[in-house]
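Visitor: Any chance you could fold what I've pasted below:
(chains A and B)
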Amino acid sequence: MSLQYLKDAVANGDREKLIRYVRLHLGDGNEQQGRAEIDKAWIEALKLLLDVPPTDREFIVETLATKDPATLAHLFFNLHFYFVRHSGEWIHDGTL
Amino acid sequence: MMEPSNTREQLRPGLWVTINERYPGSMITRSETVPLAALRQPLAAARLTFVSSAGVQPKGSLPFDVVHPVGDYSFRRVPSNSKPEDLEIHQLKYPTVDAHRDLNVIFPIERLQELAAEGVIGGLTPHLFSFIGYNMDPERLEQTLAEEIADAVVAEGADAALLCPA
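Guide: Prediction:
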């Protein structure tokens, strides 16, 4: 079972299995692509902040303080895809 | 006339050979099988439903969650009288380019409507059903999503169900 595979990896502290799963998910089954997608999302987020534009820090602080960790984890995955799409280099275009 | 396709030919053998390598442990191995139910009336009198993992849904409905690492275990009801332009696809894990050109290649709603209009089948259930195939917890898939869709199919009075993996 895939989920048990991951839970076993958590129990055993096998970080490589866990991050490999994330890379495969983000890279549509291509681990190297997934690694590049993670980099792409972080670079895009960094670029958006270089000019120090006004941001809604109250929203951020309130969200982090009031939402449960699972919701924030779900948001984290959504943000990854958001920034990848925002970069303009969208590999999830239906061609696989 | 086109030659019939070889039903034993796997269209994407490379993908499936490596599926467990790509998504470790994700393939379901089952030793028991559920026997197919016999059709209780002629096909021309049977009400057909359609169940698809293509991630097709009515525009404006909550998009399938294509980013969750373990998958989305919800389904959508698609009115069987929908037009393709009423529908959209939310799914990242299969090639959707051709489906965006003609939805019928993955979700043949117009072909099914034609079969009903021509009397080949008795009709369609009020809704057809769709979910996304990226579900990495087979037990949850079987015990929640599959059961919920099965209940919905029965509630809509289906005599037969056409199951179509994307």
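Visitor: which residues are contacting stretch B:88-98?
Guide: Contacts to stretch B:88-98, defined as CB atoms under 8 Å, 6 or more residues apart in numbering or on different chains, come from residues A:28, A:92-96, B:54-59, B:63-64, B:66, B:99-100, B:103, B:105-106, B:132-134, B:166. All C-beta atoms are positioned from the backbone trio N, CA, C, and that covers glycine.
Visitor: list the helices and strands the helix or strand bottoming out on mean pLDDT in chain A packs on?
Guide: One helix or strand of chain A scores below all others by mean pLDDT, DSSP states H and E: helix A:2-11, with a mean of 87. Packing partners of helix A:2-11 (3 or more CB pairs under 8 Å, 6 or more residues apart in numbering or on different chains; DSSP states H and E): helix A:15-26, helix B:138-140.
Visitor: ok and the residue in chain A nearest chain B?
Guide: Across chain A, no residue is closer to chain B than A:Gly94, which sits at 3.5 Å (CB to the nearest CB).
Visitor: count of residues packed around that residue?
Guide: Neighbourhood size, A:Gly94 [other CB atoms under 10 Å in any protein chain shown]: 15.
Visitor: number of nearby residues for the nearest residue to B:Arg40 once chain neighbours are set aside?
Guide: Sequence neighbours aside, B:Asp159 is the residue nearest to B:Arg40 in space, at 6.7 Å (criterion: CB to CB, 6 or more residues apart in numbering or on different chains). Neighbours of B:Asp159 under the rule other CB under 10 Å: 19.
Visitor: Tell me if I'm right that B:Asp159 and B:Ala38 touch.
Guide: No - using CB atoms under 8 Å, B:Asp159 makes no contact with B:Ala38, being 11.0 Å away.
Visitor: any low-confidence regions in the chain?
Guide: I went with chain A, as the question did not name one. Within chain A, the segments meeting pLDDT under 70 span A:1-2, A:96.
Visitor: Can you look at chain B instead?
Guide: Within chain B, the segments meeting pLDDT under 70 span B:1-32.
Visitor: which residue is nearest the middle of it?
Guide: Per CA atoms, centre = their mean, the C-alpha nearest to the average position across chain B is that of B:Ser52, at 0.8 Å.
Visitor: where's that residue relative to B:Lys93, distance?
Guide: B:Ser52 is 14 Å from B:Lys93, where distance means CB to CB, to the nearest Å.
Visitor: who are the neighbours in contact with residue 63?
Guide: Using chain A. A:Thr63 neighbours (CB under 8 Å, 6+ apart): A:Leu72, A:Leu75.
Visitor: Switch to chain B, please.
Guide: B:Gln57, B:His90.
Visitor: So it, which state does it fall into?
Guide: Recorded secondary structure, B:Pro63: coil (DSSP: H, G, I helix; E, B strand; the rest coil).
Visitor: That concludes my questions; thank you for your assistance.
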